[in-house]
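Enquirer: okay, sequence plus prediction incoming.
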Amino acid sequence: MNLELEVNGFKYNVTYSESEVKEIFIPLLNKIISIRSRRNNRIIVFLAAPPATGKSTLALFLEQLSKKLTDFFYVQALPLDGFHYTNSYLKNHQATINSKEYNLHDIKGMPETFDFESLYKSINNLKNKNVKWPIYDRTLHDPIYDAIEVTSDIVIIEGNWLLLAENKWDKLKELCDYSIFIEADGDILKDRLIKRKLKGGSTYNQALEFYKRTDSKNVNRVMEHRLNSDITLKLLESGEYSLKTEL
């Protein structure tokens with residue numbers, strides 16, 4: 001199945017196999033829609049995964065696919081990244097991680113660089129209100145507040161840290177009705193992350209250094225410090241997904 005999607009401000013043609021759509025995505029959406037049909041309020045789904053697993057694209061694809069399945073309960077995809085602190089804030093604040101102090105701007109993307117309190121409040125408000133949701137602008141490299149009006153009966157929030165089993169972040173899961181995690185082998189993610197930097201204009205050595213300094217730490221933290229999810233998908237070397245647990 002082919003679709004043109006706008007992901008993080010850029011348009012991409014994305015393709016998912018017939019087996020992925022029929023065996024994973026449609027049953028997954030039917031499961032989520034079934035949960036919503038038994039409730040009187042909006043339901044919240046978490047899609048958590050390490051970087052470079054295609055979670056942003058998948059969330060937007062599920063949003064589009066839901067419109068083909070039902071006339072009642074549509075999915076709306078929402079990014080976690082809009083809750084980054086602004087660059088001006090990051091440059092003027094520090095965090096201590098494993099007994100070492102870092103300027104927040106130098107570790108941008110890690111959990112410490114997100115406004116957790118605003119995130120928690122916004123997710124909590126989603127249950128019964130139509131709220132405004134921020135996005136992260138990859139040309140400005142800063143969040144844009146109130147960019148998305150949330151109106152759908154089902155929201156899928158996607159991000160690295162939604163199922164993080166660490167102080168305060170582990171409280172997020174109590175706000176969600178269903179959770180999905182995507183896992184992948186480290187070598188596959190390393191290759192995808194380096195290729196992503198190369199496409200952005202980095203040299204191979206620059207991309208490798210960035211992976212060692214930042215991306216690898218994020219991958220390990222997401223994979224090794226996570227709460228259980230309702231279902232787990234696995235990203236294969238081919239770029240396709242498989243079901244690791246039953247729906």
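Expert: That came through, no problem. Numbering: from 1, shown residues only.
Enquirer: wait, what's in contact with the residue in the chain sticking out farthest from the centre?
Expert: Taking C-alpha atoms, centre = their mean, the residue of the chain most remote from its mean C-alpha position is Ser99, at 28.0 Å. Ser99 sits next to no residue when contact means C-beta atoms under 8 Å, 6 or more residues apart in numbering. Where you see a C-beta, it was placed from the backbone N, CA and C, and this is true even at glycine.
Enquirer: now the strands for this structure?
Expert: For the chain, the strands defined by DSSP state E occupy 2-7, 10-15, 43-48, 75-79, 94-97, 100-103, 132-137, 142-149, 154-159, 178-184, 231-235, 241-243.
Enquirer: out of those strands, which is closest to Leu198?
Expert: strand 10-15 (15.7 Å; C-beta to C-beta).
Enquirer: can you check what angle separates the closest one from strand 2-7?
Expert: Relative orientation of strand 10-15 and strand 2-7, computed by axes from the mean of the first three to the mean of the last three C-alpha atoms, to 10 degrees: 150 degrees.
Enquirer: low-confidence ranges in this protein?
Expert: Filtered on pLDDT under 70, the chain yields the residue ranges 7-10.
Enquirer: the helices in it, which residues?
Expert: 18-20, 26-37, 55-69, 87-91, 116-126, 186-199, 204-210, 216-224 (DSSP state H).
Enquirer: mean neighbour count and distance to Lys108 for the ones you listed - can I get that in TSV?
Expert: What follows is the helices of the chain, written out as TSV (neighbours: other C-beta atoms under 10 Å; distance: least, C-beta to C-beta, whole Å):
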stretch	mean neighbour count	distance to Lys108
helix 18-20	13	32
helix 26-37	17	31
helix 55-69	20	17
helix 87-91	14	6
helix 116-126	17	15
helix 186-199	16	15
helix 204-210	14	12
helix 216-224	17	11
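Enquirer: okay if I get these as JSON lines plus distance to Asp177?
Expert: JSON lines is the format used below for these (distance: least, C-beta to C-beta, whole Å):
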{"stretch": "helix 18-20", "distance to Asp177": "23"}
{"stretch": "helix 26-37", "distance to Asp177": "6"}
{"stretch": "helix 55-69", "distance to Asp177": "15"}
{"stretch": "helix 87-91", "distance to Asp177": "31"}
{"stretch": "helix 116-126", "distance to Asp177": "11"}
{"stretch": "helix 186-199", "distance to Asp177": "28"}
{"stretch": "helix 204-210", "distance to Asp177": "36"}
{"stretch": "helix 216-224", "distance to Asp177": "21"}
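Enquirer: alright, calling it a day.
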